[in-house]
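> What follows is a predicted structure for the sequence shown.
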Amino acid sequence: ERHRLHIEAYGEGNERRLTGKHETANISDFKWGVADRGASIRIPRSTEAENKGYLEDRRPGSNMDPYVVTSLIVETCCLH
């Protein structure tokens, strides 16, 4: 499961932060949505409207390795 692979690389202590409360998805669940601050992946309204733009992965913690996380996101979004 790709979600678990990502969570393992997204830094230590995320189980305390990704509780499903306070505008986060629960660490065990994967959810995406447009303008949904409670989702794992948030897609801005402008991205949906213009059919181009960016997405926001709200799961990585500040103590993650940005190279590892960027690599996983690109691999998951572009190669799978």
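Looks like it arrived, so ask away.
> Which of the three states applies to residue 4?
At residue 4 the chain is in helix, as set by DSSP: H, G, I helix; E, B strand; the rest coil.
> what's the spacing between it and residue 10?
When CB to CB, to the nearest Å is the yardstick, residue 4 and residue 10 sit 11 Å from each other. Placement of C-beta: from N, CA and C, glycine included.
> The two: which is more packed in?
The neighbour comparison of residue 4 against residue 10 (other CB atoms under 10 Å) goes to residue 10, with 21 against 11.
> And the pLDDT for the more buried one?
At residue 10, the model reports a pLDDT of 95.
> Next: residue 69.
Confidence at residue 69, expressed as pLDDT, is 95.
> same deal with residue 24?
Model confidence at residue 24, given as pLDDT, is 84.
> Ok, residue 33 next?
pLDDT recorded at residue 33 is 96.
> Wait, a strand at it?
Yes. With three-state DSSP as the criterion, residue 33 is part of a strand.
> heads up, I number from 33, so please use that
Let's use 33 as the start, then, which means that last one is residue 65.
> I figured it hits residue 76, correct?
No. The pair residue 65 and residue 76 does not pass the contact test of CB atoms under 8 Å, sitting 10.9 Å apart.
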